[in-house]
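> this is a predicted model, with the sequence first.
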Amino acid sequence: MADLFGDVPPPPSPAPSIPLRDDAPLADRLRPASLCAVIGQEHLTGPEGAIGRMVAAGRLSSMILWGPPGTGKTSIARLLADAVGMRFQAVSAVFSGVADLKKAFAEADRAAQAGQRTLLFVDEIHRFNRAQQDGFLPFVERGTVTLVGATTENPSFEINAALLSRAQVLILHRLDAAALARLLGRAEELEGALPLTPEAREALVASADGDGRFLLNQAETLYAARIDEALGPARLGQFLQRRVAVYDKDREGHYNLISALHKAVRGSDPQAALYYLARMLVAGEEPLFLLRRLVRMAIEDIGLADPNALPQCLAAKDAYEFLGSPEGELAIVQACLYLATAPKSNAVYKAQKSAFRSARDTGSLMPPANILNAPTRLMKDIGYGKGYAYDHDAIGGFSGANYWPDGMEPQTYYTPVERGFERKIRERLDWWERERLARGGGA
């Protein structure tokens, strides 16, 4: 059997879908017919990807496919079996129990005795409990089955360590706008053009939030309605009974709104910040994306001017994950308002950039010998730790010692502002600097 990425080149135009009955769901009719037709996971399925290399070698190892819904986990598993000539068997942790697993393993064992290898696909594998997951181990170790598990949850927390050690974890990406647009294009090749303006098409793609199956289901709803007029974003949202983000055709909607939110927070305008936050949440923006950006704002624009800004954002993330939507969105609002009303400072942000640049320029300089540990006799003999001043024994808990590498002048990376808590930090730094000068820069 010629492998997918070997010397035999693939056909120039691979079939985009597996023919099914006409009344099958659009998502099923558009399932890819080969790994090279899978959209959005080229980092895995391409010739240099982990899956591509395994297929080229003609042998698979057990793996866990981890990724969001609608990214192609099931399609990839089916195509893997075809690509290497294995028997495909599937179970779902949602509907299967111990009896189903025993039956699957018995069938795989009989197939192995007949010389046929089995790829066992386990959908939602994280839903099996620890004992059930342990049941896979002997069959995976003996090679009775090659396990391909699919999960939307972090395998580090949901899959047994013993099973993880016998399988590769391969991460599938959420489908970006370009991949979703290609998928929509395949649907239109099969079913005809969708009745959408360019702006509505962008809004439909954005509403899918990386889920290809959801996008195709929405498209199927539009086809079934047999609409004659071209729908704009607002009309599309009403028609699909789901609010779709309305994108200004002259701007990049999503990115403009997050930029406006960030700058309103930085500019200490809580009213405008709340407006832009509401715009994005109402339009269906992913709440965790907004929380990540709020965390970034807390670090970049507030920093130590208010050390509670970062804990507020992390607490909001925990509250949202605990409560879910819509109750958890109130925690996001609280974090946003806290940041917008907090004292602002980018001193930490500037200090990081300056210190990183200095570290790249002087990264090979040794620290002074007196502040190095000396765990061996040789290190003591060559002066490591000699003359170190223990600050807690010094007056005021401050020795004033020099901690900079020999040959490097002391630098100032962090300069706190006269706002919020950083005012106190500045007072502390000024006192230490006066003491350091008074003591001659040493102990």
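On my side now, so go ahead.

> so which residues of the stretch 201-350 of the chain form strands?
Counting by DSSP state E, counting those that start in this stretch, the stretch 201-350 of the chain has no strands to list.

> got it, and the stretch 51-200 of the chain?
Using DSSP E, counting those that start in this stretch, strands in the stretch 51-200 of the chain cover 63-66, 87-92, 118-123, 145-151, 168-171.

> angle of the fourth one against strand 87-92?
In other words, strand 145-151. 40 degrees (axes from the mean of the first three to the mean of the last three C-alpha atoms, to 10 degrees).

> before we move on, the earlier item: and of the strands of the stretch 51-200 of the chain, who's closest to Pro307?
Using C-beta to C-beta as the measure, strand 168-171 is the one of the strands of the stretch 51-200 of the chain that comes nearest Pro307, at 33.8 Å. (C-beta placed from N, C-alpha, C; glycine too.)

> Glu107 - nearest residue in space that isn't next to it in sequence?
Excluding its sequence neighbours, the residue lying closest to Glu107 (C-beta to C-beta, 6 or more residues apart in numbering) is Gln89, at 6.7 Å.

> ok, the one you found to Thr146 distance?
To Thr146, Gln89 is 10 Å away according to C-beta to C-beta, to the nearest Å.

> joint contacts of those two?
Common neighbours of Gln89 and Thr146, counting by C-beta atoms under 8 Å, 6 or more residues apart in numbering, are 118-120.

> closest to Gly70 out of those residues?
Looking across the shared contacts of Gln89 and Thr146 and measuring by C-beta to C-beta, the closest to Gly70 is Leu119, at 21.6 Å.

> burial check on the closest one, number of neighbours?
The local packing of Leu119 (other C-beta atoms under 10 Å) involves 22 other residues.

> got it, and Ser156?
Neighbourhood size, Ser156 [other C-beta under 10 Å]: 10.

> who's in contact with the nearest residue to it once chain neighbours are set aside?
Spatially, and ignoring its direct neighbours in sequence, Ser156 is nearest to Leu164 (7.7 Å; C-beta to C-beta, 6+ apart). By C-beta under 8 Å, 6+ apart, the contact set of Leu164 is 64, 155-156.

> do the same with Phe289
Contacts of Phe289 by C-beta under 8 Å, 6+ apart: none found.

> ok, it to Met280 distance?
9 Å.

> could you do Tyr390 as well?
52 Å.

> Gly400 now?
When Gly400 is compared with Met280 (using C-beta to C-beta), they lie 50 Å apart.

> point out where the stretch 1-150 of the chain drops to low pLDDT.
Filtered on pLDDT under 70, the stretch 1-150 of the chain yields the residue ranges 1-23.

> 50 instead, please
Across the stretch 1-150 of the chain, residues meeting the criterion (pLDDT under 50) sit at 1-21.

> ok, which stretches of it are helices?
26-29, 42-45, 50-57, 73-84, 98-113, 130-134, 137-142 (DSSP state H, counting those that start in this stretch).

> likewise the stretch 151-300 of the chain?
Using DSSP H, counting those that start in this stretch, helices in the stretch 151-300 of the chain cover 155-158, 161-164, 177-191, 198-207, 212-225, 233-239, 253-266, 270-282, 287-297.

> quick one: average pLDDT of the second one?
This means helix 161-164. What helix 161-164 shows for mean pLDDT is 90.

> flag every buried residue along that helix.
163-164 (16 or more other C-beta atoms under 10 Å).

> so how far is that helix off the chain centroid?
Relative to its chain's centre, helix 161-164 lies at 22 Å (C-alpha atoms, centre = their mean, to the nearest Å).

> where in the stretch 251-400 of the chain is pLDDT low?
Using pLDDT under 50, the stretch 251-400 of the chain drops low at 251-252.

> how does it look with 90?
Within the stretch 251-400 of the chain, the stretches with pLDDT under 90 are 251-257, 279-280, 282-286, 324-326, 359-366, 369, 371-372, 374-382, 394-396, 399-400.

> could you list the domains of the chain?
Listed domain ranges for the chain are 26-171, 177-239, 253-341, 366-438 (source: automatic domain parsing).

> could you dump those into TSV with distance to Ala351 added?
Output for the domains of the chain, formatted as TSV (distance: least, C-beta to C-beta, whole Å):
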stretch	distance to Ala351
domain 26-171	32
domain 177-239	35
domain 253-341	9
domain 366-438	4
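
> ok, which of the ones you listed comes nearest Tyr349?
So among the domains of the chain, domain 253-341 is nearest, using C-beta to C-beta, at 4.7 Å.

> check the offset of that closest one from the chain's centre.
That offset, for domain 253-341, works out to 18 Å (C-alpha atoms, centre = their mean).

> cool, stretch 427-438 as well?
44 Å.

> who are the contact partners of the residue nearest in space to the middle of the chain?
Residue closest to the average C-alpha location in the chain (C-alpha atoms, centre = their mean): His173, at 8.0 Å. Contact analysis of His173 by C-beta under 8 Å, 6+ apart lists 40-41, 43, 67, 71, 210.

> mind redoing it with 10 Å?
Residues counted as contacts of His173 (C-beta atoms under 10 Å, 6 or more residues apart in numbering) are 40-44, 67-68, 71-72, 179, 210.

> cool, Thr412 as well?
351, 354, 429, 433.

> same question, Val94
With contact set as C-beta under 10 Å, 6+ apart, Val94 has these partners: 123-124, 127-128.

> Ile395 too?
435, 439.

> and it, how far from Gly387?
18 Å.

> equivalent analysis for Tyr275, please.
Taken as C-beta to C-beta, the span from Tyr275 to Gly387 is 60 Å.

> same check, this time on Ala206
Counting by C-beta to C-beta, the gap from Ala206 to Gly387 is 63 Å.

> higher neighbour count, those two?
Using other C-beta under 10 Å, the more surrounded residue of Ala206 and Gly387 is Ala206, with 21 against 12.

> quick check: pLDDT value at that one.
87.

> surely Ala104 meets Leu119?
No: judged on C-beta atoms under 10 Å, Ala104 makes no contact with Leu119 at a distance of 11.4 Å.

> overlap in contacts, those two.
Taking C-beta under 10 Å, 6+ apart as the contact rule, Ala104 and Leu119 both touch 89-90, 145.

> for Asp306, which of the helices of the stretch 1-150 of the chain is the nearest?
Per C-beta to C-beta, nearest to Asp306 of the helices of the stretch 1-150 of the chain: helix 42-45, 39.6 Å.

> how about the closest one: buried residues?
Within helix 42-45, the residues that count as buried by 16+ other C-beta under 10 Å are 42, 44-45.

> can you name the residues that contact Ala104?
With C-beta under 10 Å, 6+ apart, Ala104 has these contacts: 89-91, 96, 118, 120, 122, 139, 145.
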